[in-house]
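Enquirer: here is a sequence with its predicted model. Questions after.
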Amino acid sequence: MKKYFCFLSLIFSLSSCTEEVKFNNPAFQGLKDNVFWLAQISEAQIALDDKVTLKGTMGSEQVLLNLASSEEKTYFLGVDNVTRASYYYEIGSDVFLFSTGPNIGEGQITITEYNIENKTISGTFKFKAVNSNAAENEKTNVSFTEGVFYKVPVTPSSSFEN
């Protein structure tokens, strides 16, 4: 009887359900107004003066994170025009832009790793950006929380706009 029990246990353990694990590497994601947002395309660029631009795109939506340097530290938003966050989306011919700037919006971006050898950058972000051109019925701000960019590929040029 013990042999049958052991054999049956072995069969169940070998034929148990498996869960396919999918890695999201590279990743650029967060909660946009408490709804999960995942970029389909993510990229980063470092200019000759060491300024960093990270871009995450999902369909007609885009998040841009601009940083003063690639140094691993926390950068605060709402202070200047160099370190800022932007979110925009298009609906037909209408374009909606939300951004941070001097005394506009708030948040932070933290670079946790800049891997020069593998040319990737990782970190976290959260921000509240303002639509300074909002009409009466339009949304006035957008919030991103729990934002993560992980092993986003870095190119040392300026081929995309920031």
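Expert: Now that the structure is in, tell me what you want to look at.
Enquirer: for the nearest residue to D33 once chain neighbours are set aside, grab phi and psi.
Expert: Closest residue to D33 in three dimensions, ignoring its sequence neighbours and counting by Cβ to Cβ, 6 or more residues apart in numbering: S143, at 5.7 Å. The way it works is simple: take the backbone N, C-alpha and C, and place the C-beta from them, glycine included. S143 adopts backbone torsions of phi -120, psi 140, taken as degrees, to the nearest 10.
Enquirer: can I assume S143 is in contact with K128?
Expert: Yes. With contacts defined as Cβ atoms under 8 Å, S143 counts as touching K128 at a distance of 4.7 Å.
Enquirer: okay, now the nearest residue to T120 once chain neighbours are set aside: neighbour count?
Expert: Distances taken as Cβ to Cβ, 6+ apart put K151 closest to T120, at 4.3 Å, once the chain neighbours are dropped. Neighbours of K151 under the rule other Cβ atoms under 10 Å: 17.
Enquirer: over to N133?
Expert: Based on other Cβ under 10 Å, the number of other residues close to N133 is 10.
Enquirer: packing partners of the one helix or strand F127 maps to?
Expert: Element membership of F127 [criterion: DSSP states H and E] is strand 120-130. Under the contact criterion of 3 or more Cβ pairs under 8 Å, 6 or more residues apart in numbering; DSSP states H and E, strand 120-130 touches strand 84-91, strand 94-99, strand 106-115, strand 141-155.
Enquirer: what stretches of this protein score poorly on pLDDT?
Expert: Regions of the chain meeting the criterion pLDDT under 70 cover residues 1-24, 134, 136-137, 157-162.
Enquirer: at the geometric centre of it, which residue do we find?
Expert: What sits nearest the mean C-alpha location of the chain, by Cα atoms, centre = their mean, is F28, with 3.2 Å.
Enquirer: confirm that that one sits in a strand.
Expert: Yes. With DSSP: H, G, I helix; E, B strand; the rest coil as the criterion, F28 is located in a strand.
Enquirer: pretty sure it is touching A39, no?
Expert: Yes. With contact defined as Cβ under 8 Å, F28 counts as touching A39 (3.9 Å).
Enquirer: shared neighbours of these two, which are they?
Expert: Contact criterion Cβ atoms under 8 Å, 6 or more residues apart in numbering; residues shared by F28 and A39: G56, V63.
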